[in-house]
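Let me see the structure of the following:
(chains A and B)
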Amino acid sequence: MLEPFTLPFVQRALIEVLILAVGAGLLGTWIVLRGIAFYAHGVGTASFPGLVLAEGLGFAAALGALGTAGIFAIGVTALHGRRRTGYDSLTALVLVGCLAIGVILASDVFRSGASIETLLFGSLLLISWQDVAIAAAATVCAVAGSLVLGHRWMAAGFDPESATALGLRSKVPEFVLLALIALATVSALSAVGALLATALFVVPAATTRLWTSRMRSWQISTVALVAVEATAGLWLSVKTDAPPGATIGVLAGVVFAAAALTRALPNQLRRHAPVAASLALLAIVGIGCGSSDAGSNAAASGSAAPIVVVAATTQIGDLVTVVGGSEVKASTILKPNSDPHDYEPRPSDVQATADAKLVFVNGDNLDAWMEKIVNESGSDAKTIDLSLGLPVKLPGESEGAGASKFDPHWWHDPTNAEAAVLEIRDSLVAVDPSAKSSFDANADAYLRKLAVLKASITACIEKIPSADRKLVTDHDAFNYFATAFGIELIGAIIPSQATQAAPSAGDLAQLSKLIESENVKAVFPESSLSPKLADAIAQQTGATSKYTLYADTLGAAGSTATTYLTMMAANADAVVRGLSGGRQSCSIAGL
Amino acid sequence: MADGIHVAAALGWLTDPWSQPIMVRAFVEVALLGVVGGALGCWIVFYELSYGAESLAHSIFPGLVIAALLGLPLLLGGALGVLVAAVAVFLAGRIEKIGRDTAVAVVVTSLFALGVLLALSPDSPPGISGLLFGDILGVTDSDLAMAAVLAIVVLVTLRLLHGRLLAVGFDRSSAKGLGISATIVDLVLLMLLALAILVAVQGLGNLLVVAVLVGPSATARLLTNRISSMMAVAVAVAVASGIGGLYLSYYAKIATGASIAGVMVAVYLLVALISGLRNRSAMTPNSATT
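Numbers count the residues shown, from 1 in each chain, chains lettered A, B, ... in the order given. Down below sits the predicted model:
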C-alpha cells in the first residue's frame, strides 16, 4: 500500500510538501484571519511578467518570479493607504497591471514564452533539490515572521480600528506579512502552480477555522491538515495516475465541504461525524488501492522485455512506434487532447521516463520541459534531440536570450521526418543490435510511405495556380510546410508561440489589408486553438476559415489525423480545399 | 490652409481604425461591456467582490468538460459551472468566520482542480480550457447580441435592486430592521457577476473582464461619493479607456486586451496620484478613509 513512497521522485515530492505544509499552514491561518486570500492567489499569478522577462533576458526564472512578487507586495502596500480603494480592488488592479505587462512582453517584445506556462503550472513530481531548498528557506522565514510579528498581525486582524487607535499604524508589519506570503507562494509555484497554490495556502486553513478559534491550536491543526492532505493527495495521485496538484486541490475541497456540512448538522447527528470521517478515509484508500498502480506496472522489466522508450510529442511518438514495432514499448508524454502549454505530467509519465532507455525530444525549445522530466525522474536514459540532425532548418522568430535559433515545427516537412526516422532507427539499433533487421525493415517500409506522402502532397499543391498558393495561419507553425511545398506565407494571426500572447489591432488591420491586396483565399484556424480570431479575419476579408490545420499535435482518437501520415494528409487536404475555394481536394492513397 | 490639412490629417487619424469591421465590433463590445462593467463594477467594488470577478471564470472550466463528456452544449455547461460556483461561494461565505475571499478561494480552487482531473478523460476534446475564452478582436455577432442582452439584464436588475443594494451595502444589521433580506441581495449580486463573467469572458478574455469590472469603478470611487454619480463616472471611464486602448493597440501595435486593461489601470493610478496630492496640499488628515 505504501509502495508509491519507494519511488525516488515521490519521496522528494513528499519532502517538498511536508516542508511547504509548515509554511503554508502557518501563513494560511493569517491569510484566512485577515481575509486576504485574493492577495495569496494574485501574487503567484502575477509572476507571469517576471517569468517572461527571465526567459527573454536569460536569468533564473525563480528570480524573475520573486522580483515580480516583491513588486506586487510593494504595490499593494503602497496603494493601500488612506485611499478609498479596498484591499481586494487594489489586488485586482495590481494583478491586472502585472498580467497586462506580461502579455505585452510576451506578444510584442520577446515574441516568445514557450516554456513559461510550464513554470506557471508546475508539478510536484518534477521538484528539484533546489526547489526544496527554496521552499525550506521560505518556510523558515514564515515561522520566524510569525514568532516575531504574530501579535501585531493578530491585533490588526481582529480589530483594525482599535489597532490603529493603539498606534499600530506602521505599515512595516503589514508589508512583512504580504512579503512572506509572496515568498512562500512563489516557492510553491514549481510544486503546484499559480492556480492551485490556494489548495495549500487557503483551503486547509479555512477548514480548520470551522473547528477552532484559538490562534495557536488553529495554526498547529492547519499545519497538520496541510501535511495530511498533501501526503494523501500525493499517494492517491500515484495510485490513480492523476496529476498530484489537481488531486490535492480536489481532496482539500472535499474535506472542506465535509467539515462545513458536518457543522451544519444538528448536534445528535454530529456525534456520528467520526464514523463518517473514517468511512470517507476508507473510501479514499479504496479508490487508491482499487486503481492500477502506476508506479509498479511500468517497473517490471526482464531481459526479453521490449525496449522502454519515451517520446515527448505525439508525432515523434508515432514515428517511434512505427519504427520500433513490437520490440519497443513507447510512451508519449503529450497526449493528443492535452494542451502542451498547461500540461502537468502524470505519475506514469515520470515513471516511464525513469525506466526508459531512450528519450526522443523535438528540440528547438518546443519541449524544453522534457529535460526537467528526465533529470528529476532520476532516469539514466539517453536523450536524443531529433532537431539536431535535420536536413532542413528554418530560422526561429522569437527573440530574447532563451529563444530558439530555429523554428521548432520541423516535422511539417516530410524530408525532415525521413531524417528523424533514420535517427530513431539508428538509436534503437544501438540499444538492441539483435533487433536490427526488424528495425531496418520497419524504417524502410515507412520511408516508402513518406516518399508517397511527399510526392502526393507536391502533386496536389501543384494543381493550384501559383498565384493562389498563399497561406495565412493561426500562429507561426507552418514555415516548413510552406517552404517544402512552394507555398508563400503571408502571415499569422497570433504573433507568438505563447498562449497568453495576443495580436494587436494594428497588426490585424495590416494582415487584413495584406490578405485583401494579395487576394488570399483562406485563413486556417488550428485544431487546438479557438477559431474566433481566424473567423473574424475571414469575415472581414472575404476569405474562408472553414478548413482547420493540425499544428502542434496529432488529432485526438476518432479524428482523421491520429498518425503522422494521416495528419500531414489532412493538412494538405485542408490547404488544397482552402486555396482552391473548395473546388479541389487532396486524397492520398496507400498510407 | 495648413490648419485645414492638419485638421483633415487628425480626422483621418481618428477615423482610420474604424474603417475595419473588426475594430467597429471591438468598439461596440467594449462600449456595451463598459456599461455593464461600470454599473455592476461599482457594486463589485462596494461589496468587495473583486476576487470573485477575477476567479469565477476558472469555474467555467469543469462545466465545459462535463458538458463535452455528456455531449451537451458547451455554453450550457459553462453557465452551470459558473452558477454552481456562485451559489457555492454564497453558501461558503455564510459560514461564520469564513470571509467572502476565503470562500471564493475554497470554491474556485476545488472546482478548477476538479476540471483538471475531469479533462484527463480521453473523451474530452482538445484545448477545451480555451474554448470559452475570447479575444476582443475576434468578437462575433452572437457575442455582441449576448453583450447587449446582458447590459439590459444588468441595468434593469440593478435599477430594481438599487435601494436594497445600497441599504445592505452600508449597514447589514439596519437593513434587516428595514425588512430587507441581505441573503437575497448577496445572492442576486453574485448571480449577476456570474452571468456577466460568462458573457464577457467570451468577448473580452479573462484579463480584460477583471479590468473592466474593477478598474473604472475603483477610479470613480476616488472621485465621488454618491453611488449613482459613481456609476456614471465608472461607465464613462470604462468606455473612454476602452476606446483609448483600441487606438493604442491600433497605432502602437500592442496586444489589444492588454492595452485596454493597461489603460484602465493607468487611469486609476493617475487619478489616485492626483487625488493623493490634492489631499496632501489641502492638509485634511482624516479626509479619505474607507
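
Give me the below-cutoff pLDDT ranges for the stretch 201-350 of chain A.
By pLDDT under 70, the weakly predicted segments of the stretch 201-350 of chain A are A:291-304, A:337-343.

which parts of it sit against chain B?
Listed as neighbours of chain B in the stretch 201-350 of chain A under the rule CB under 8 Å from any CB of the partner chain: A:202-203, A:206, A:209-210, A:213, A:242-243, A:245-250, A:252-254, A:256-257, A:260, A:263, A:335-339, A:342, A:344, A:346. Quick note: C-beta positions are derived from backbone N, CA and C, even for glycine.

In helices, which of the residues you listed appear?
A:203, A:206, A:209, A:245-250, A:252-254, A:256-257, A:260, A:263 (DSSP state H).

what two of the residues you listed are the furthest from one another?
A:G245 and A:R263 (27.6 Å; CB to CB).

Count the neighbours of residue 105 for me.
Just going to use chain A. Each residue near A:L105 was counted by other CB atoms under 10 Å in any protein chain shown, and the total is 27.

hmm, I had chain B in mind actually
31.

again with A:A199
A:A199 has 32 nearby residues by other CB under 10 Å.

And A:L7, by the same measure?
So A:L7, with other CB under 10 Å, has 23 neighbours.

likewise the one 3 residues further on?
Using other CB under 10 Å, the number of residues around A:V10 comes to 23.

How about it: what's its closest non-neighbour residue?
A:P4 (5.3 Å; CB to CB, 6 or more residues apart in numbering or on different chains).

what about the helix or strand hosting A:M154, distance to the chain center?
Secondary structure from DSSP states H and E places A:M154 in helix A:129-158. Distance of helix A:129-158 from the chain centroid (CA atoms, centre = their mean, to the nearest Å) equals 29 Å.

how about the helices in chain B?
Going by DSSP H, chain B shows helices at B:2-15, B:21-46, B:50-55, B:60-70, B:74-94, B:100-118, B:141-170, B:172-177, B:182-204, B:206-223, B:227-251, B:256-282.

Mean pLDDT and distance to chain A added to those, as a markdown table?
Below are these laid out as a markdown table (pLDDT from 0 to 100; distance: least, CB to the nearest CB, whole Å):
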| stretch | mean pLDDT | distance to chain A |
| --- | --- | --- |
| helix B:2-15 | 83 | 13 |
| helix B:21-46 | 93 | 5 |
| helix B:50-55 | 90 | 4 |
| helix B:60-70 | 89 | 10 |
| helix B:74-94 | 91 | 7 |
| helix B:100-118 | 90 | 2 |
| helix B:141-170 | 92 | 9 |
| helix B:172-177 | 80 | 16 |
| helix B:182-204 | 90 | 8 |
| helix B:206-223 | 92 | 4 |
| helix B:227-251 | 94 | 4 |
| helix B:256-282 | 88 | 4 |
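
Tell me who's in contact with A:A570.
A:Y550, A:G555, A:T560, A:A561 (CB atoms under 8 Å, 6 or more residues apart in numbering or on different chains).

how about the residues you listed, which pair is most distant?
That would be A:Y550 and A:T560, which, of these, are the farthest apart (CB to CB) at 9.6 Å.

Of the two, which one has the most company?
Shown here are A:Y550 and A:T560; by other CB under 10 Å, A:Y550 has more neighbours (25 against 12).

Can you name the secondary structure element that comes next after the worst-scoring helix or strand of chain A on mean pLDDT?
When each helix and strand of chain A is scored by mean pLDDT, DSSP states H and E, helix A:294-297 comes last, with a mean of 45. For helix A:294-297, the succeeding helix or strand toward the C-terminus, using DSSP H and E, is strand A:307-311.

mind listing what that following strand pairs with, with the direction of each?
In the sheet, strand A:307-311 lines up against strand A:328-332 (parallel), strand A:358-361 (parallel) (DSSP bridges).

Contacts for the first one, please.
When contacts are defined by CB under 8 Å, 6+ apart, strand A:328-332 is touched by residues A:305-314, A:316-317, A:320-321, A:324, A:348-349, A:352-353, A:356, A:428.

What's the local residue count around A:A78?
A:A78 has 12 nearby residues by other CB under 10 Å.

what secondary structure does it sit in?
Under DSSP: H, G, I helix; E, B strand; the rest coil, A:A78 falls in the helix class.

Contact partners for it?
Neighbours of A:A78 in contact, by CB under 8 Å, 6+ apart: none.

now swap in the one 10 residues further on and tell me
By CB under 8 Å, 6+ apart, the residues touching A:D88 are A:F38, B:E48, B:L49, B:S50, B:Y51, B:D101.

Redo those as JSON lines? Include neighbour count and distance to B:L83.
Listed next are the contacts of A:D88 as JSON lines, based on neighbours: other CB atoms under 10 Å in any protein chain shown; distance: CB to CB, whole Å:
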{"residue": "A:F38", "neighbour count": "30", "distance to B:L83": "21"}
{"residue": "B:E48", "neighbour count": "18", "distance to B:L83": "21"}
{"residue": "B:L49", "neighbour count": "28", "distance to B:L83": "15"}
{"residue": "B:S50", "neighbour count": "30", "distance to B:L83": "20"}
{"residue": "B:Y51", "neighbour count": "31", "distance to B:L83": "18"}
{"residue": "B:D101", "neighbour count": "30", "distance to B:L83": "20"}
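
Closest one of these to B:V188?
The closest of the contacts of A:D88, once distances to B:V188 are taken by CB to CB, is B:L49, at 12.3 Å.

you'd agree the closest one is up against B:M191?
No. With contact defined as CB atoms under 8 Å, B:L49 does not reach B:M191; the gap is 11.9 Å.

Okay, and the beta partners of the closest residue to A:L358 other than its chain neighbours?
Closest residue to A:L358 apart from its sequence neighbours, by CB to CB, 6+ apart: A:V309 at 4.7 Å. For A:V309, the beta-bridge partners are A:A330, A:L358 (DSSP bridges).

how many neighbours does A:V309 have?
28.

Also A:V148?
By other CB under 10 Å, neighbour count at A:V148 equals 11.

Spit out the contact partners of it.
A:V148 neighbours (CB under 8 Å, 6+ apart): none.

From A:D367, how far out is it?
Going from A:V148 to A:D367 by CB to CB, to the nearest Å gives 45 Å.

what's the answer for B:S281, then?
Counting by CB to CB - B:S281 and A:D367 are separated by 58 Å.

Please say which of those two ends up with more neighbours.
A count of neighbours by other CB under 10 Å puts A:D367 above the other of B:S281 and A:D367, at 25 against 8.

right, and the more buried one touches A:Q315 too?
No. A:D367 is beyond contact range of A:Q315, at 11.3 Å (criterion: CB under 8 Å).

so which of the strands paired with strand A:307-311 is the most packed in?
strand A:358-361 (a mean of 25; mean count of other CB atoms under 10 Å in any protein chain shown).

need the next SSE after it, C-terminal direction.
helix A:369-376.

That next one: what's the following helix or strand?
strand A:382-385.

in chain B, which residue is closest to the centre?
Centre of chain B computed as the mean C-alpha position; nearest residue by CA atoms, centre = their mean is B:L213, 2.8 Å away.

Spit out the contact partners of residue 175.
As the question left the chain open, I've gone with chain A. Applying CB under 8 Å, 6+ apart, the residues contacting A:F175 are A:A73, A:I74, A:T77.

switch to chain B, that's the one I care about
B:R164, B:A167, B:V168, B:A182.

could I get those as a markdown table with neighbour count?
What follows is the contacts of B:A175, written out as a markdown table (neighbours: other CB atoms under 10 Å in any protein chain shown):
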| residue | neighbour count |
| --- | --- |
| B:R164 | 18 |
| B:A167 | 19 |
| B:V168 | 24 |
| B:A182 | 16 |
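
Specify which member of those residues is nearest to A:Q268.
For those, the nearest to A:Q268 is B:A182 (30.0 Å; CB to CB).

Find the residue closest to that closest one in space, skipping its chain neighbours.
Per CB to CB, 6+ apart, closest to B:A182 is B:V168, 4.7 Å.
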